[in-house]
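Asks: Structure, please.
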Amino acid sequence: MSIAAVAPELTAGTWNIDPGHSEVAFVIRHLMTKVRGTFTEFSGTVNIDEDLAKSTATAEVKMASLDTRNPERDAHVRTADVLDVENYPTMTFKATGVRAEGDEYYLDGDLTIKDVTRPVSLRVEYNGVGEDPWGGTRAGFSAETTINRKDWGIEFNIPLKGEKALLSDKVDIQLEIQAVRA
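Replies: Sure, this is the predicted structure:
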């Protein structure tokens with residue numbers, strides 16, 4: 001799978017994630033609604049190979065930067081009950097390659113949270129490439145996956161009536177990435 005066939009305007013090389021124009025977000029069911037949150041401090045690189053299948057990426061997220069727009073909830077989520085950011089300050093993703101399934105593309109890699117590493121596949125949408133007003137070249141990507149938080153040792157929950165719980169096990173991860181050509 002050549003880059004020229006998939007995205008001819010996207011050139012091989014290193015692209016640095018621009019955190020000021022990107023978002024690392026998540027959605028989890030809390031009681032009867034979905035809570036949306038972001039991590040505001042993160043960094044990473046995308047290494048595009050001429051053979052797209054050999055492309056890689058790395059990212060690091062500072063867990064204490066969690067923001068659900070509710071300071072009390074955020075403070076609790078940062079504690080040892082949930083994310084334990086004091087002992088596990090970062091979450092990392094190391095991509096091992098890109099694969100195509102029909103018209104969809106997936107970035108496969110290893111996600112590490114609380115020192116537990118598990119494989120994940122992010123469904124990726126390429127949004128294009130262009131010049132920015134400052135003379136740089138930028139590429140845009142959207143990506144998403146769903147994980148079970150318990151697979152990474154995030155067990156906290158409170159049982160509710162009717163076999164329900166305060167939190168769902170499922171967490172949707174949603175990325176909007178703008179990367180600058182190095």
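Asks: how close does Thr92 get to Gly128?
Replies: 27 Å (CB to CB, to the nearest Å). Quick note: C-beta positions are derived from backbone N, CA and C, even for glycine.
Asks: same check, this time on His76
Replies: Taking CB to CB, one finds His76 at 40 Å from Gly128.
Asks: buried stuff in the longest helix anywhere in the chain?
Replies: Of all segments of type helix in the chain, defined using DSSP state H, the longest is helix 71-78. By neighbour count on 16 or more other CB atoms under 10 Å, the buried set for helix 71-78 is 77-78.
Asks: So which residues make contact with it?
Replies: Applying CB atoms under 8 Å, 6 or more residues apart in numbering, the contact partners of helix 71-78 are 35, 37, 63-64, 66-68, 82-83, 85.
Asks: name the helices or strands packed onto the helix or strand just after it?
Replies: With elements assigned by DSSP states H and E, the helix or strand that comes after helix 71-78 is strand 90-101. Judged by 3 or more CB pairs under 8 Å, 6 or more residues apart in numbering; DSSP states H and E, strand 90-101 is in contact with strand 56-62, strand 104-113, strand 116-131.
Asks: As TSV, those strands with mean neighbour count, mean pLDDT and distance to Val98 would be great.
Replies: Formatted as TSV, the helices and strands packed on strand 90-101 follow (neighbours: other CB atoms under 10 Å; pLDDT from 0 to 100; distance: least, CB to CB, whole Å):
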stretch	mean neighbour count	mean pLDDT	distance to Val98
strand 56-62	19	98	9
strand 104-113	18	97	6
strand 116-131	14	97	7
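Asks: mind giving me CSV with these and columns for distance to Glu50?
Replies: Formatted as CSV, these follow (distance: least, CB to CB, whole Å):
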stretch, distance to Glu50
strand 56-62, 13
strand 104-113, 16
strand 116-131, 16
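Asks: Go through those strands and name the closest to Ile154.
Replies: Checking the helices and strands packed on strand 90-101 against Ile154 by CB to CB gives strand 104-113 as the closest, at 7.1 Å.
Asks: list the helices and strands that closest one packs on?
Replies: Taking 3+ CB pairs under 8 Å, 6+ apart as the contact cut, strand 104-113 packs with strand 56-62, strand 90-101, strand 116-131.
Asks: Note down every partner strand of that strand and its orientation.
Replies: strand 90-101 (antiparallel), strand 116-131 (antiparallel) (DSSP bridges).
Asks: following the lowest-mean-pLDDT helix or strand in the chain, which helix or strand shows up next?
Replies: None of the helices or strands of the chain scores lower by mean pLDDT, DSSP states H and E than helix 3-6, at a mean of 67. Going down the chain from helix 3-6, the next helix or strand is strand 13-17, by DSSP H and E.
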